[in-house]
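Asks: Just the structure for this:
(2 chains)
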Amino acid sequence: GENVEQHPSTLSVQEGDSAVIKCTYSDSASNYFPWYKQELGKRPQLIIDIRSNVGEKKDQRIAVTLNKTAKHFSLHITETQPEDSAVYFCAASRSSSASKIIFGSGTRLSIRP
Amino acid sequence: KAGVTQTPRYLIKTRGQQVTLSCSPISGHRSVSWYQQTPGQGLQFLFEYFSETQRNKGNFPGRFSGRQFSNSRSEMNVSTLELGDSALYLCASSPGSGSTDTQYFGPGTRLTVL
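Replies: Next up, the predicted model:
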């Protein structure tokens, strides 16, 4: 069945450094890839998404890249700040009303002061 | 617009009991999805409802069921509770045109089974 693998499961970076989280997906028909951030005790919230017709998308310090041939996509956070500490989930889905979103297992990102 | 709301926020049950959780989507959203979140398993998809019909289903046993009402509010029921059902249950709503809609999550119901 469809599967999304996410690595690493935990990541600790120095404040100001960059963080990269990687995901691979199994369903070659997937064409929508959102990223969610879940702070401790809070609900997951969408931070950025990308569709298969583009290879990269940026929003201030956050960027996502997509390699459809290799079936992987990555989240890049530059100039990390303490408020970036959270669990990040990647996900993949098809653009079909009958399709479901498959989430990765999450990455716990910690920013060291 | 008001966000997605879930009730109750916390629930304690014992093994063998059943439980019903409620989710009210954002006004105008017609799709409601349910997820189980546990520390080791991430976000596991339970099912999705759209226009009162189950449109998608995850790999959970038949003890987990749901329904959606004409106002798009949704309920999830778990019968014959097991210790392993202890988790945070999240619902998410979206406009409903497809799975590429942004999902807006509720705050979750934390279920503890003793």
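
Asks: Pick out the residue nearest the middle of chain B.
Replies: By Cα atoms, centre = their mean, chain B has its centre lying nearest to residue B:34, at 3.1 Å.

Asks: Output the helix or strand containing it as PDB, nothing but the C-alphas.
Replies: For residue B:34, the enclosing helix or strand under DSSP states H and E is strand B:31-38. Provided in PDB are the C-alpha atoms of strand B:31-38 (Å, rounded to 0.1, in the frame of the first residue of the first chain):
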ATOM      1  CA  SER B  31     -14.900  16.800   4.500                       C
ATOM      2  CA  VAL B  32     -14.000  15.500   8.000                       C
ATOM      3  CA  SER B  33     -11.100  13.100   8.500                       C
ATOM      4  CA  TRP B  34     -10.100  11.400  11.700                       C
ATOM      5  CA  TYR B  35      -6.600  10.400  12.800                       C
ATOM      6  CA  GLN B  36      -5.200   8.500  15.800                       C
ATOM      7  CA  GLN B  37      -1.900  10.000  17.100                       C
ATOM      8  CA  THR B  38       0.300   7.900  19.400                       C
END
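
Asks: Partner strands of it, with direction?
Replies: Applying DSSP bridges to the sheet, strand B:31-38 is found paired with strand B:42-50 (antiparallel), strand B:87-94 (antiparallel).

Asks: Could I get the full set of strands for the chain?
Replies: If you meant another chain, say so; for now it's chain A. A:4-7, A:10-14, A:19-25, A:32-38, A:45-51, A:56-59, A:62-67, A:72-77, A:86-92, A:102-103, A:107-112 (DSSP state E).

Asks: oops, I was thinking of chain B
Replies: Going by DSSP E, chain B shows strands at B:5-7, B:10-13, B:19-24, B:31-38, B:42-50, B:53-57, B:64-68, B:74-78, B:87-94, B:104-105, B:109-113.

Asks: ok, the lowest-mean-pLDDT helix or strand in chain A near chain B or not?
Replies: When each helix and strand of chain A is scored by mean pLDDT, DSSP states H and E, strand A:102-103 comes last, with a mean of 90. Yes: judged by Cβ under 8 Å from any Cβ of the partner chain, strand A:102-103 and chain B are in contact via A:102, A:103. Where C-beta positions appear, they are placed from N, C-alpha and C, glycine not excepted.

Asks: got any ranges where chain B has weak pLDDT?
Replies: B:97-99 (pLDDT under 70).

Asks: how about the residues of it that lie near chain A?
Replies: So chain B meets chain A at B:33, B:35, B:41-45, B:48, B:50, B:55-56, B:58, B:90, B:96-100, B:102-108 (Cβ under 8 Å from any Cβ).

Asks: ok so, going back, can you spell out which helices and strands pack onto the least confident helix or strand of chain A?
Replies: Using 3 or more Cβ pairs under 8 Å, 6 or more residues apart in numbering or on different chains; DSSP states H and E, the elements in contact with strand A:102-103 are strand A:86-92, strand B:42-50.
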